[in-house]
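>>> got a predicted structure plus its sequence, pasted below:
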Amino acid sequence: MHHRAMKTFALIVIAVLALAAESVAGPTRKLPPETVRGLAHLLDQYPTESLASPTERAAARRLLRELRAAARRWRDPDAAARAGFATRRPYRKLGETRVMWFHAEHRRWSHDGVYLNPRRPEVIIYADVPGRPLVLVGVMFSMPRGTRGTSPGGPITRWHWHRVCAKGGQRGLTPGPDGRCPRGATMRNGSEMMHAWFTYDLRSAFAIHAPVHDLCVAGKLPRESCDHTQHVHG
């Protein structure tokens, strides 16, 4: 084969492989910082506050302030359970020492048709540190599949989703270790969600994933755990 033809063929193969990989994991290019919704791994971890208008920044602060006030009643997992959250501590493998971000869902509020209400979040989030009580570190709002959430704080209050494996109307599950779905399941975008974390500043409060350093600064994690944490959903 002629050298130029071989080079062209190689470029085509690379392009095809790249498209195949993207079809499994989704796009890989980062989205602009002003984006208010997108795949989690395409959004910046922290929002760019300067892109929000004064009105949007005020709305984001108000939302966070109302969330903090409402969440005080759920700091005790037993009280949260009485309120309807599923706070049974998740199973941890023997010897597992990582901090896990335990998402305790309120099944009724997840299907009540009320969205982005600080007093009715679909999920509250606890830091699950081995050998220690659960510590409330944030909340998560979620939308029904195919429904877009409002973004009162503009590019600060961003919605994200993950690629999931789903069958019919069943809830989506995380793809396997190879990035693919089991037989009978289809890869698709999951529902929109928004995290709000109880940190000291607006930027980290609306991070996409758990802002570990900022939660440590806020005293939400024990000192010995602050250098050895990962974003793991419980």
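The structure has been received and is ready for your questions. Residues are numbered from 1 along each chain as shown.
>>> next up, phi/psi of Arg188, please.
Geometry field for Arg188 lists phi and psi as phi -160, psi 170, criterion degrees, to the nearest 10.
>>> what are the bridge partners for it, then?
Val164 (DSSP bridges).
>>> ok, Lys167 - how many residues close by?
Applying other CB atoms under 10 Å, we find 14 other residues in the vicinity of Lys167. C-beta: built from backbone N, CA, C; applies to glycine.
>>> excluding chain neighbours, what is closest to it?
Across the structure, with CB to CB, 6 or more residues apart in numbering as the measure, the residue nearest Lys167 apart from its sequence neighbours is Ala185 (5.0 Å).
>>> for the one you found, grab phi and psi.
On the backbone of Ala185 - angles per degrees, to the nearest 10 - the values are phi -110, psi 150.
>>> test my guess that it contacts Gly176.
No - at 9.8 Å, Ala185 does not count as touching Gly176 under the criterion of CB atoms under 8 Å.
>>> who has more neighbours, those two?
Of the pair Ala185 and Gly176, Ala185 is the one with more neighbours under other CB under 10 Å, namely 18 against 11.
>>> pull the contacting residues for the more buried one.
Shown in contact with Ala185 (CB atoms under 8 Å, 6 or more residues apart in numbering): 165-167, 173.
>>> 7 Å instead?
By CB atoms under 7 Å, 6 or more residues apart in numbering, Ala185 lies in contact with 165-167.
>>> make a markdown table out of the residues you listed and add pLDDT and distance to Ile125.
Formatted as a markdown table, these follow (pLDDT from 0 to 100; distance: CB to CB, whole Å):
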| residue | pLDDT | distance to Ile125 |
| --- | --- | --- |
| Cys165 | 85 | 23 |
| Ala166 | 76 | 23 |
| Lys167 | 73 | 27 |
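>>> can you put these in TSV and add distance to Pro222?
Rendered in TSV, the data for these read as follows (distance: CB to CB, whole Å):
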residue	distance to Pro222
Cys165	35
Ala166	37
Lys167	40
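>>> which one of those is nearest Gly153?
Checking these against Gly153 by CB to CB gives Ala166 as the nearest, at 29.5 Å.
>>> tell me how far that closest one lies from Arg183.
Using CB to CB, to the nearest Å, we find Ala166 at a distance of 13 Å from Arg183.
>>> doesn't Val164 make contact with Thr186?
No - the pair Thr186 and Val164 fails to qualify as a contact (CB atoms under 7 Å) at a distance of 9.4 Å.
>>> so between those two, which is more surrounded?
Higher neighbour count among Thr186 and Val164: Val164, with 19 against 11, using other CB under 10 Å.
>>> for Leu202, see how far away the more buried one is.
In this structure, Val164 lies at 29 Å from Leu202, with CB to CB as the measure.
>>> same question, Ala185
38 Å.
>>> any idea how far the residue nearest to Leu116 when sequence neighbours are not counted lies from Glu192?
If the residues on either side of it in the chain are set aside, Leu116 comes closest to Phe141, at 5.4 Å by CB to CB, 6+ apart. Taken as CB to CB, the spacing of Phe141 relative to Glu192 amounts to 9 Å.
>>> please identify every residue contacting each of those two.
What both Phe141 and Glu192 touch, as defined by CB under 7 Å, 6+ apart, is the set Gly149.
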